[in-house]
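[1] got a predicted model here, sequence first, then my questions.
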Amino acid sequence: MRLLKPFILLLSVALLGGCRPADEAAPTAARADGIDLSRVVLRVGAPNKIGNRPYLEAAGLLDDVPYRIEWSEFSATPALIDALRSGNVDVGGNGGQTGVIFEAANGRSGNIKVVAAGRSTSGVPSGAAILVRKDSPYHSLADLRGARLSVMKGTGTLYLLGLALKDIDMSLQDVQLLNLGNDAALASLVAGHIDAWGIWDPQATVLEARPDLRSLGWIGRKDASYAIQLASSAALNDPGKRAAIADFLGRLAHATVWVGEHPESWASAASRLTRIDEPAMLKIARRTRFEYGLTAGQRAELSAAFEQEAGFWQGTGAMGRIDVGALFDHQFNDVMLAGSRSGRLAASAQP
């Protein structure tokens, strides 16, 4: 069931730098602080087919948006980052942090900022799955020593794989690591040209149900898995875009919490958008739960998680030292805290 009331616009929180009490509503309007939002086009990207849109649709928060949204989908986070850097996308995400860490390592941290990080509230691994053929001799990660394993470079899946291998006294050097796109990886796995494939949702959940494939398990750690939202510096420096981003992130924070209590609504919206069976999407919804808006302590944990990943890649020789702090722009944190609060209120009020 969709929300019956339109979202309360939280622009004043971001634009004025304050935070309203949870029960005080900011007026919904097409203008905010002199900005005519009806003239703003916000280009929103996603690193996969599920992205942010199903959350907002499921919670009914796209009905009264005072600006126009142009949606784009990409094959993975690196492609989304390319679009942000080139100015073709203003804001977007829902993937991990690996891509933006490598962006900083390449000296481009000034072009893109981390504007939101959804912390996991799920009690199960949900980062990615390692798939093999049904008749494969591999039955655990430890069996993959020397195996041909494809994981796309620059994705969070590669980092989570590195952590999972480290936990069993292995490393990425213990496998034959390949970098294939999703379509090529699937075809190669089925044909026997590779032995295993690390892939994220929704593909992972759909493909592990195939009769010719099976999963070795899910990889991911709560302290290493965030749903990252990115924005281009150009969009952040534009008053109209910045106001729209503030509203968008507030809506997303609200919707994400609401969906956590109404996974069936998300599964229905995501199934319609992706043309993937609703039962598969419901599995994803129940396994993957995040919440936006961080306390000071949680922001410190976020920074530590980025430092840990950067240190991991430095240890492999993939990058030198980077200034992790330069990646963050927390100006929208208050609006997301308020959005999460209103999402909890709405979820508790609507069975």
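    Done, it's in. Residues are numbered from 1 along each chain as shown.
[2] pull the helix or strand with minimum mean pLDDT from this structure.
    The weakest-scoring helix or strand in the chain, judged by mean pLDDT, DSSP states H and E, is helix 11-16 (a mean of 39).
[3] per the annotation, how does this structure divide into domains?
    Using automatic domain parsing, the domain parsing of the chain gives 11-122+224-349, 128-219.
[4] what about the last one, how long is it end to end?
    It stands for domain 128-219. Length of domain 128-219, first residue to last, C-alpha to C-alpha, to the nearest Å: 6 Å.
[5] just give me how far that domain sits from the chain centre.
    Distance, stretch centre to chain centre, for domain 128-219: 20 Å (C-alpha atoms, centre = their mean, to the nearest Å).
[6] same question, stretch 286-293
    10 Å.
[7] now do stretch 252-259
    Relative to the centre of its chain, stretch 252-259 is centred 13 Å away, using C-alpha atoms, centre = their mean.
[8] run through who's touching that stretch.
    Stretch 252-259 is contacted from outside by 3, 7, 52, 55-56, 58-59, 61, 116, 118, 227, 229, 265-266, 285, 290-293, 335-340, 342-344, 346-347, using C-beta atoms under 8 Å, 6 or more residues apart in numbering. (C-beta placed from N, C-alpha, C; glycine too.)
[9] again, but for stretch 279-287
    The contact list for stretch 279-287 (C-beta under 8 Å, 6+ apart) reads 50, 122, 124, 126, 201-202, 205-206, 209, 259, 263-264, 266-268, 270-271, 274.
[10] and stretch 106-113, end to end?
    The first and last residues of stretch 106-113 sit 14 Å apart, counting by C-alpha to C-alpha.
[11] any idea what residue 119 is bridged to?
    Beta-bridge pairing of residue 119 under DSSP bridges involves residue 226, residue 291.
[12] who's in contact with it?
    Residue 119 touches 226, 290, 291, 294, 298, 301, 302, counting by C-beta under 8 Å, 6+ apart.
[13] quick check: the second one vs residue 108, distance?
    In this case it means residue 290. In this view, residue 290 and residue 108 are 26 Å apart by C-beta to C-beta, to the nearest Å.
[14] what does the last one give?
    Spatial separation of residue 302 from residue 108 under the definition C-beta to C-beta is 20 Å.
[15] just the buried subset of the contacts of stretch 279-287, written out for ChimeraX, thanks.
    Of the contacts of stretch 279-287, the buried ones go into a single ChimeraX selection, burial set by 16 or more other C-beta atoms under 10 Å:
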select :50,126,201,202,205,206,259,263,266,267,268,270,271,274
